[in-house]
Structure formats: structure tokens, C-alpha cells
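Asker: this is a predicted model, with the sequence first.
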Amino acid sequence: MRADFSLLFPSSRKVSYSPLSLTLGPGSFLGIGSSCRSPLVRGTLWYPVPRRPKPHRSDRSRVGRARIGRVPTGGRTPRHRIERTDVANPEIVGEPDGPSVDAPAWTLAMAETARDIQTTHSDPESTAASITASALQLLPDAGAAAITVVGRDHSVHTLGPTSPVPALLNEVQEREKAGPCLTALWDEPLVLVTDLDGDGRWPGYAEAARAQGISTVLSIRLYVQDKALGALSLYSTKPDAFPPDEVVAARAYAAHAAVALDQAQEREQLRAAIDTRDLIGQAKGILMERHGLTDGQAFSLLVKTSQQTNTPLRLIVEELTHSGELPGR
């Protein structure tokens, strides 16, 4: 017996139906989820089954994923061939319909490099140095790299430079208030200058860069959520040194680097906060013992001294704990 489910399953897709015989013993029960709409007809459960059976759950995770195999390169940079898993039969792995997709070795090492940066370094300076050094390994045509940051007073600073060139060019950007690194940090998330000889956006910067032999500059904003941390910049003496696939990979690497740098900055701020709290406690103890003040009175005196001398509270307590005297007293 077959039932007509055209009203129960309104769909233009053709389905086949298979019987499922059930034997229910005493005390057993049949639970049907809210997503099940199969009717029970004369003791036999009829349910729709797609014409092509789905793979087993253990196989389903492999469907459509890639396997990577080595590709001979004749002595050149090692590359990998990405092979597609056959969707119809996940156990069969072979060549794709079209030509194989080649990916440079640095695209496969990018995630591991970013993970190592996050787990190995704790302070912002060493984290930035590791980020720039790894960037040079991932992009072999890059001759120098650095991270550009701007302070609250709009001063330009260079973190993790791999050569003196980035710091020198950042000095030009600070003086000119313009350049690819500042543009990436403030205006555009990615700035690529393929040849400074033909780019007229920053004449002063371009002249200084050409004097250092730089032709190509790639600057990528480092940010997490809505917080800009700086700009990762890579420099090359070759014109058009970074092809599109390397630019995409560099941008992905910059996203990992931004997370690592943000975590390092947060750890540094936490350490500074803890150190400041400890110093404040020591300073209050000195004032309480010397002047017979309460805890609240001692802290109020520290804050008042900070305001009167226009000095950060941290420097006030450092001076008091080191010299035993309040500044300006």
C-alpha cells in the first residue's frame, strides 16, 4: 500500500518512499521529533527518502574537503597540490575536473606561524618583532617590514622593524602627515603601491622611499573589531613585487597578527595595572605610617598631589616609593 503525500509534503522535488516496519514491545515508545511529518499507515511507517542516499556521518565531514599532496617543483620553492574529494563517493580521492590548484608553501604555513606568535610572545615589542620577521618569511620578495602605530599625541612610532628603512620612512610620514602606512591606518584598510615611480599620492614619501631603493609598498591595517592597532607594512625593491594571491594571503596573515598584537597589549596593560595597584598600596602605607592618615586620606593625598603637579598618579607613587618623598612637597 502506498499513500499520497502530495498534500503533506508540498514540493516540486520527486521523492521515493520506503517502508519501515516497527515492532513495539511492552513499555517501549516511539518518539517523533517536531521536524518529522511522516504518517503512520496501518502499522507501517512510510517516510520520504531522497533518491541519492546521504553519506554516513563519519564520512560526511570529508565530503567536499581538500587533501594536499606534494608537487615536484624542480628545485624551486616547495608547492602543494590541492586535490578535491569526490562528493558522490567520499572514499575516492583523485584529480579535480580542471587543472590542479597550486598554493605557495607560505599559505599553508600561515596559520601555524600566527599561532606560534600568539603563544610564544607576551609583550607588544617582541610580538611585533615576531610578526614582521614571519611576514618576511611568508612573502619572500619583501625586503623589509615594520608595524606603524600612532600615539595619542599623533606621533608616529615604529614597532618590530626588520631594517632601518621603515623607521626612516615613518619619520617622513610623521613630518609630511601622509603616506601609505598612515593611509592604511586612518582611511583605507589596505594600500598597495606597485611602483612608486608612477604614484603621485605622496611625493615627499615617494622621493624618500626611492632614495632607499624601495619600489613596492604594501600596508595593511591591523585591527580587532573597531579598534585600530597599527599598520603592517612590507617593502620591496622590485616593482609590482606582490601578486594578487600574495596580497590576499598577507591580509589574512595580518588578521591573525592583529589578534596576537591585541592580546599582547592587553597583557601589558594588565601587568601595568597590577604593578600600579601594588605601588599605590605601598605609597599609601608610607603616608599612613608617616602622617597617621587613614587609607582613604592617604589615597586622597596622592590624587591631590597628582592633580597639583599635573603628573600621572603612577609616576607620583613611583617617586614616593623610591625616594620616600612626595613630588612638590
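Answerer: Cool, got the structure.
Asker: switch to C-alpha atoms for all contacts and neighbour counts from now on
Answerer: OK.
Asker: backbone dihedrals for residue 311, please?
Answerer: With angles defined as degrees, to the nearest 10, residue 311 sits at phi -120, psi 140.
Asker: contacts only, for it.
Answerer: Applying Cα atoms under 8 Å, 6 or more residues apart in numbering to residue 311 gives no contacts.
Asker: distance check, it against residue 323.
Answerer: For residue 311, the distance to residue 323 (Cα to Cα, to the nearest Å) stands at 16 Å.
Asker: same thing with residue 178?
Answerer: Distance of residue 178 to residue 323, computed by Cα to Cα: 44 Å.
Asker: which of those two has more neighbours?
Answerer: residue 178 (17 against 10; other Cα atoms under 10 Å).
Asker: right, and the secondary structure at the more buried one would be what?
Answerer: Of the three states, residue 178 takes coil according to DSSP: H, G, I helix; E, B strand; the rest coil.
Asker: give me the pLDDT for it.
Answerer: Predicted confidence (pLDDT) at residue 178: the value is 93.
Asker: does it touch residue 202 like I think?
Answerer: Yes: look at residue 178 against residue 202 with Cα atoms under 8 Å: they come within range, at 6.6 Å.
Asker: show me where the chain dips below the pLDDT cut-off.
Answerer: For the chain, applying pLDDT under 70 flags the ranges 1-111, 114, 118-121, 328-329.
Asker: can you show me the strands along the protein?
Answerer: All strands of the chain, identified by DSSP state E, fall at 16-21, 40-41, 44-49, 66-71, 79-84, 101-104, 144-150, 156-159, 190-193, 216-224, 227-236.
Asker: pull out the buried positions in the longest one.
Answerer: So the one you mean is strand 227-236. 228-236 (16 or more other Cα atoms under 10 Å).
Asker: now, which of the residues you listed sits nearest residue 141?
Answerer: residue 236 (6.3 Å; Cα to Cα).
Asker: ok, the closest one touching residue 141?
Answerer: Yes: the criterion here is Cα under 8 Å, and residue 236 meets it with residue 141 at 6.3 Å.
Asker: next one: residue 138 from residue 132, what distance?
Answerer: 10 Å.
Asker: equivalent analysis for residue 146, please.
Answerer: Distance from residue 146 to residue 132, by Cα to Cα: 6 Å.
Asker: more neighbours, those two?
Answerer: Applying other Cα under 10 Å to residue 146 and residue 132 shows that residue 146 carries more neighbours, namely 29 against 23.
Asker: surely residue 313 meets residue 303?
Answerer: Yes: with contact defined as Cα under 8 Å, residue 313 counts as touching residue 303 (6.7 Å).
Asker: in contact with the residue lying closest to residue 220 once chain neighbours are set aside, which residues?
Answerer: Leaving aside its sequence neighbours, residue 220 sits nearest to residue 190 (Cα to Cα, 6 or more residues apart in numbering; 4.6 Å). Residues counted as contacts of residue 190 (Cα under 8 Å, 6+ apart) are 184, 218-221.
Asker: just these now: which is nearest residue 253?
Answerer: residue 220 (9.9 Å).
Asker: hang on, that closest one packs against residue 191?
Answerer: Yes: if you go by Cα under 8 Å, residue 220 and residue 191 touch, sitting 6.5 Å apart.
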